[in-house]
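Chemist: Quick check, what structure comes out for this input:
(chains A and B)
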Number of protein chains: 2
Amino acid sequence: MKIPVVKQILSANDAIAGENQALFDAAGVTVINLMASPGAGKTSLILATAAHLPASVRPGVIEGDLASSIDADTIAARGIPVVQINTGGNCHLDAPMVRSALPHLPLEGIDLLFIENVGNLICPANFTLGAHANAVIASTPEGHDKPYKYPGMFASANAVVLNKADLIDVFEFDVDYFRRGIAMVNADAPLFIVSARTGEGVEDWIAWLQQTLERA
Amino acid sequence: MKIPVVKQILSANDAIAGENQALFDAAGVTVINLMASPGAGKTSLILATAAHLPASVRPGVIEGDLASSIDADTIAARGIPVVQINTGGNCHLDAPMVRSALPHLPLEGIDLLFIENVGNLICPANFTLGAHANAVIASTPEGHDKPYKYPGMFASANAVVLNKADLIDVFEFDVDYFRRGIAMVNADAPLFIVSARTGEGVEDWIAWLQQTLERA
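Modeler: You can find the predicted model right below:
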């Protein structure tokens, strides 16, 4: 008697995420899913990164927000290809939303695509998009306890960026305590301490992006 | 022929929220649902408020976090009655969670109860808890565009607090632009510009709390 074997079925979201990644790979685009609290500096980090990338790495952006096109307007003004997704009330992007944005991007002219997720330190970690890596941005004004309070988000990260590092002293931010919090849930993710405003530390973050480009 | 009339049925959450409010009213407790991004300063504002309240107004706190009891420990160390709710992965408190916390609070010794919601500028606005008022805290490092990007949260507010006002210049925070953004979705909510760290502006916020106490 033949026993039927049922394989784990991907969720509809994961299935579409897999298709997204195949599309990205076919187009030679490496994709980073950027997640953070509101106001941590996702857009500022994208702009600082774009300003420091070698000319051979052409950036693009998918912007996720509940409402408005404020960040997409800022990015477009720098001449970077960008699509805005407005989620309505939804607290995260999902793979079908990302798919719907792709026809509006010149993928053949993009090497490194940032997906700026909705500002939220919880929900976005639960939805794959088809990105090659997840980066979580924290910022010094939020306080050094965030990995302890939002472990799921930090567990999902392939890299963590601590932004607004020029204000570490102003906010009495304890980097060691923050680092230990990340290590409790994520043994592998490197931590980059940067200031998108001053450019401090951006080159190490870019070196990691280039390694990710080479691996993808 | 008699036509059946079906009244709108409350959601299970709203029904329990109504029961919570009846319990609060019976105990003479006025309840404020505090909502904000991670790290905006919810706990710091509670502590600054408690330090400036008249002795006749006794505070208490329900702390909501995905994980940890970091904030509850801080509040307990100041001698304020506090209960921690850990939501696991949930991005907001709901009315049953608040109900489950009540047996652990000395309601007869509390006049003003702060429910510190999970750090999130989206989900918490969709769930009533039984509070008498919603207060949304924004902070200057998050940027002045938050009401435009997170309109649902600001629409839900009975009052908005702009915290970390001592850093308005550092973050080039445009208070008028922020105020116009709130007004687009919420004609009524007053704006209090405070610094929990320096105490600046806290007295106006406390005056609003006392009005809310008198109305409740």
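Chemist: from here on, contacts and neighbour counts on C-alpha atoms
Modeler: OK.
Chemist: Ends of stretch A:92-105, what's the gap?
Modeler: Its start and end residues considered, stretch A:92-105 measures 20 Å (Cα to Cα, to the nearest Å).
Chemist: Is any residue of that stretch near chain B?
Modeler: No. Judged by Cα under 8 Å from any Cα of the partner chain, stretch A:92-105 and chain B are separated, with a smallest distance of 9.8 Å.
Chemist: So what's the model's average confidence on that stretch?
Modeler: For stretch A:92-105, mean pLDDT rounds to 96.
Chemist: what sits up against it?
Modeler: The contact list for stretch A:92-105 (Cα atoms under 8 Å, 6 or more residues apart in numbering or on different chains) reads A:13-14, A:16-17, A:20, A:62, A:64, A:81-85, A:87, A:117-120, A:123-124, A:127-130.
Chemist: List buried residues within those.
Modeler: Listed as buried from the contacts of stretch A:92-105 are A:13-14, A:16-17, A:20, A:62, A:64, A:81-85, A:87, A:117-120, A:123-124, A:128-130; burial here means 16 or more other Cα atoms under 10 Å in any protein chain shown.
Chemist: For the host helix or strand of residue A:212, which residues meet the burial criterion?
Modeler: Taking DSSP states H and E as the criterion, residue A:212 maps to helix A:202-215. Within helix A:202-215, the residues scored as buried using 16+ other Cα under 10 Å are A:202, A:203, A:205, A:206, A:209, A:210, A:212, A:213.
Chemist: Check which helices and strands it sits against.
Modeler: Applying 3 or more Cα pairs under 8 Å, 6 or more residues apart in numbering or on different chains; DSSP states H and E, we find helix A:202-215 packed against helix A:42-52.
Chemist: Just the terminal-to-terminal distance for stretch A:71-90.
Modeler: Its start and end residues considered, stretch A:71-90 measures 18 Å (Cα to Cα).
Chemist: hmm, back to that, could you pick out which of the contacts of stretch A:92-105 are near chain B?
Modeler: A:120, A:123.
Chemist: I'd like to know which of the contacts of stretch A:92-105 are part of helices.
Modeler: Within those, membership in helices is found for A:13, A:14, A:16, A:17, A:20, as judged by DSSP state H.
Chemist: which residue sits closest to the fourth one, ignoring its sequence neighbours?
Modeler: If I follow you right, that is residue A:17. residue A:130 (4.2 Å; Cα to Cα, 6 or more residues apart in numbering or on different chains).
Chemist: Surely that neighbour and residue A:15 touch.
Modeler: No. In this structure residue A:130 lies outside contact range of residue A:15 using Cα atoms under 8 Å: 9.2 Å.
Chemist: what's the helix or strand for the residue nearest the centre of chain A?
Modeler: The centroid of chain A falls nearest to residue A:34 when counting by Cα atoms, centre = their mean (1.3 Å). In the assignment (DSSP H and E), residue A:34 maps to strand A:30-36.
Chemist: Then residue A:115?
Modeler: Using DSSP H and E, residue A:115 sits in strand A:112-116.
Chemist: and after that strand, which helix or strand comes next?
Modeler: strand A:133-139.
Chemist: Can you spell out which helices and strands pack onto that following strand?
Modeler: With contacts taken as 3+ Cα pairs under 8 Å, 6+ apart, strand A:133-139 sits against strand A:30-36, strand A:159-163.
Chemist: what pLDDT, on average, does the first one get?
Modeler: Mean per-residue pLDDT for strand A:30-36: 98.
Chemist: so what strands line up beside the strand holding residue A:115?
Modeler: When pairing is defined by DSSP bridges, strand A:112-116 lines up against strand A:30-36 (parallel), strand A:59-65 (parallel).
Chemist: what angle do the next helix or strand along the chain from the last one and helix A:42-52 make?
Modeler: Yep, that's strand A:59-65 we're talking about. Using DSSP H and E, the helix or strand that follows strand A:59-65 in sequence is helix A:70-77. Using axes from the mean of the first three to the mean of the last three Cα atoms, to 10 degrees, one finds that helix A:70-77 and helix A:42-52 are set 10 degrees apart in direction.
Chemist: buried ones in helix A:70-77?
Modeler: For helix A:70-77, using 16+ other Cα under 10 Å, the buried residues are A:71, A:72, A:75.
Chemist: and what of stretch A:178-189?
Modeler: A:178, A:179, A:181, A:182, A:183, A:185, A:186, A:189.
Chemist: Just the residues contacting that stretch, thanks.
Modeler: If you take Cα under 8 Å, 6+ apart as the criterion, stretch A:178-189 is touched by A:144-148, A:151-152, A:154-160, A:191.
Chemist: Let's see it as CSV, backbone CA atoms only.
Modeler: This file holds the C-alpha atoms of stretch A:178-189, laid out as CSV (Å, rounded to 0.1, in the frame of the first residue of the first chain):
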residue,chain,number,x,y,z
PHE,A,178,22.1,46.7,23.4
ARG,A,179,24.6,44.2,21.8
ARG,A,180,24.0,41.6,24.6
GLY,A,181,20.2,41.9,23.9
ILE,A,182,20.7,41.2,20.2
ALA,A,183,23.0,38.2,21.0
MET,A,184,20.3,36.7,23.3
VAL,A,185,18.1,36.1,20.2
ASN,A,186,20.5,36.2,17.3
ALA,A,187,24.0,34.9,17.4
ASP,A,188,24.9,35.8,13.9
ALA,A,189,23.8,39.2,12.9
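Chemist: any idea of the mean pLDDT for that stretch?
Modeler: Mean pLDDT, computed over stretch A:178-189, is 97.
Chemist: Pull the distance from it to the chain's centre.
Modeler: 18 Å (Cα atoms, centre = their mean, to the nearest Å).
Chemist: hmm, back to that, nearest to residue B:3, out of the helices and strands packed on strand A:133-139?
Modeler: strand A:30-36 (53.0 Å; Cα to Cα).
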